[in-house]
Every structure is written in structure tokens, then in C-alpha cells.
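>>> have a look at this prediction, sequence included:
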Amino acid sequence: MPEAELVAAAQGGDLGAFEQLMQRYEPRVLRLAMRIVGNEADAEDVLQEAFLKAYAKLDSFQRQSSFYTWVVRIAVNEALMKLRRRRGDRELPLDQELDTGEDLLPREVEDWRPNPEQQMARQELQDLLNQNIASLALPYRVVFQLRDVEGLSTEETADALHLTVPAVKSRLLRARLQLRDKLSRYFRRPGDGSLPAGAARPEGQA
Amino acid sequence: MRCTQLIAELCAYLDQEGPQAWADFEAHLAACRKCRQLVETCRQTILLYRSEPLPPLPAAIHSRLMTAVRRARPAK
Ligand SMILES: [Zn+2]
């Protein structure tokens, strides 16, 4: 059934239609929650709170907009609240001022081997992608997740996070550069000669 | 164009956003190996994350969720 019909039926009280909508988006919402809160138990809580809230607020959903984007906004909000409530949470606030004086030009850039996704087993690659995004500070990993993984537009991301469009753009740039840097350690072509002799390598590299 | 200017426009270029003309950007790319490598590996980074397979939701999680939703259903 097309999504618009499912939404209309769910708004008319059809629980089965709402269940179908849930099933469509549960895996993505769970992954999103996991990326923000960082552990499965909290991510499952967020998933549940998000769909309960979506169900409670279903009447206020405007049918011309995207149901998925609407659910993502609710889920992001729940996940961020979860983080805030967590004791001892040391995440950077989303609207943290960025140090704009910092030089974004990576010191070391190298070609990658072709087809990086074929360089390791699927699960190994998945673990690597998870670990690397988890190691980003909150403002970067949330923006990257919404823009590049969930496919929200810059404006939708700004809206969901209560950030300005320029703030989303600068966080996205930094997130992409940091992830590229981290992945480069695994995928760079061996013996790439682009590094000037004697140049210092960043920490943690062999 | 300098490398730092190219980086400032990197996302707009990768996402092909905005009304910009890319002649200067691409002229710099053609001349600068480091920026070429940067653009290409950034593109690959995004692609790796975009093509992550989505694991299916365990049935137990879905049924817990449905139980909670049913409980929240307003009494008619
Ligand atoms: Zn350059």
C-alpha cells in the first residue's frame, strides 16, 4: 500500500496500518538511535519512545510531508533527551561553537586502494564504520548520520537539530573530513608516495 | 583558488548543491594532486556509509514495540 494511504488509514485509527509504517522504518530508526546514544539498551528505549510519541501525535502529522522525516525528527529528539538524562554524559552540546581558526586542510592525503569495500569481510567493514562514526563528537556524528546516512537535506537536518543551515554545513564538512581521515588508515594504498620524506605522521599510525 | 578555499566548498561540490559554477574548483583539482585525492577519498567515505546494509529488526523488538503501542491506544 502506498505510504500516503497507510498514513491516512493510521490517522483514521487503523492500528494495522500504523504497524506497517513502523515496520517500514524501525530498522533505520534503531540504527539512528544507536548512532546517537551508543548502546543497544538505550537505543531500543529511544525506538520505543519515538514510535509511542509518533502514535500519540499522529493527528498532527501533515500528510504532504514525509512520514520518515517526521519520525526521524521525533527519534533524534528522543535520543538527544536520552543522552542529556544520562548521568555523567560528557557529550559536546550540539550547538557548541566550533573553533573556526582550525586549519581543515588534512596534513596527509593519499589515494585509497580501489574498491575499499572489498578489502575486508562485510562484518569487519561494518564494525569499522560503526567504530569510526562512534568516535566522532556528538555534533559531528549526528549531522553526518542525518545528512549522509539517512539522506535528510541540509534544511531538514537543521530543522531536526535546531541548528542553523551554516552550522549544519560546517559540522558536516568536519565530520566528513574526520571520517575520511580515520578510514584512510585502513584503505590507503600501500607505498603511496604522496607523503614528503620525513613528514610527521599523525598519532596512532604505524 | 587555494587548497583551503577548495575545502570550504568541498561539501557543496560533493553534493552538487547551490548555483555555483565549478570551473575554478575543477581547475584547481586538475592542478593539485592532494586536493584530487581528498575529494575522491571523501566521496568514497560517504559512499561506504551510504551503502551500509541495514540489519533487519529482531522480531522480539518489534513485538515489544507493538505491545507498548497497543497499550497506549486510546480507548474508543
Ligand atoms: Zn589543492
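Arrived safely.

>>> so who does whichever residue of chain A sits closest to the ion touch?
Nearest residue of chain A to the ion: residue A:105, at 8.2 Å (C-beta to the ion). To be clear about C-beta, it is placed using only N, CA and C from the backbone, and glycine gets the same treatment. By C-beta atoms under 8 Å, 6 or more residues apart in numbering or on different chains, the residues touching residue A:105 are B:3, B:4, B:7.

>>> would you mark the buried spots in the helix or strand where residue A:78 lies?
Using DSSP states H and E, residue A:78 falls within helix A:67-85. By 16 or more other C-beta atoms under 10 Å in any protein chain shown, the buried positions in helix A:67-85 come out as A:67-80, A:82-83.

>>> off-centre distance for stretch B:50-70?
Mean C-alpha position of stretch B:50-70 versus that of the full chain (C-alpha atoms, centre = their mean, to the nearest Å) differs by 24 Å.

>>> so how far is residue B:10 from the residue of chain A closest to the ion?
Residue A:105 sits 11 Å away from residue B:10, taking C-beta to C-beta, to the nearest Å as the criterion.

>>> out of the contacts of residue A:105, who's near chain A?
B:3, B:4, B:7 (C-beta under 8 Å from any C-beta of the partner chain).

>>> now rank the residues you listed by neighbours and give me the top one.
Neighbour counts for those (other C-beta atoms under 10 Å in any protein chain shown) peak at residue B:7, which has 19 neighbours.

>>> give me the element it is part of.
helix B:3-8.

>>> what is that helix packed up against?
Contacts defined by 3 or more C-beta pairs under 8 Å, 6 or more residues apart in numbering or on different chains; DSSP states H and E place helix B:3-8 against helix A:165-187, helix B:23-31, helix B:33-50.

>>> could you find the closest non-adjacent residue to residue A:112?
residue A:187 (4.1 Å; C-beta to C-beta, 6 or more residues apart in numbering or on different chains).

>>> from residue B:8, how far out is the one you found?
25 Å.

>>> which one's more surrounded, these two?
For the pair residue A:187 and residue B:8, the greater number of neighbours falls to residue A:187 (22 against 15), based on other C-beta under 10 Å.

>>> what residue ranges in chain B are flagged as low confidence?
Along chain B, the parts satisfying pLDDT under 70 run over B:74-76.

>>> and if we set it to 90?
For chain B, the stretches flagged by pLDDT under 90 are B:1, B:16-21, B:52-53, B:55-56, B:72-76.

>>> need the residues of it near the ion, please.
Within chain B, the residues that sit near the ion (C-beta under 5 Å from the ion) are B:3, B:32, B:35.

>>> distance-wise, check the most centrally placed residue in chain B relative to the ion.
Centroid check for chain B by C-alpha atoms, centre = their mean gives residue B:46 as the closest residue, at 5.0 Å. Distance of residue B:46 to the ion, computed by C-beta to the ion, to the nearest Å: 20 Å.

>>> so how many other residues sit close to residue 54?
Using chain A. Using other C-beta under 10 Å: residue A:54 sits among 24 other residues.

>>> not quite, I wanted chain B
The burial count for residue B:54: 10, using other C-beta under 10 Å.

>>> just the element for the residue nearest to it when sequence neighbours are not counted, please.
Leaving aside its sequence neighbours, residue B:54 sits nearest to residue A:27 (C-beta to C-beta, 6+ apart; 4.9 Å). If you go by DSSP H and E, residue A:27 is part of helix A:15-37.

>>> who in chain B is up against chain A?
Checking chain B against chain A by C-beta under 8 Å from any C-beta, the hits are B:3-4, B:7-8, B:10-11, B:14, B:17, B:33-35, B:37-38, B:40-42, B:44-46, B:48-57, B:61-62, B:64-66, B:68-70, B:72-73, B:76.

>>> fine by me, thanks again.
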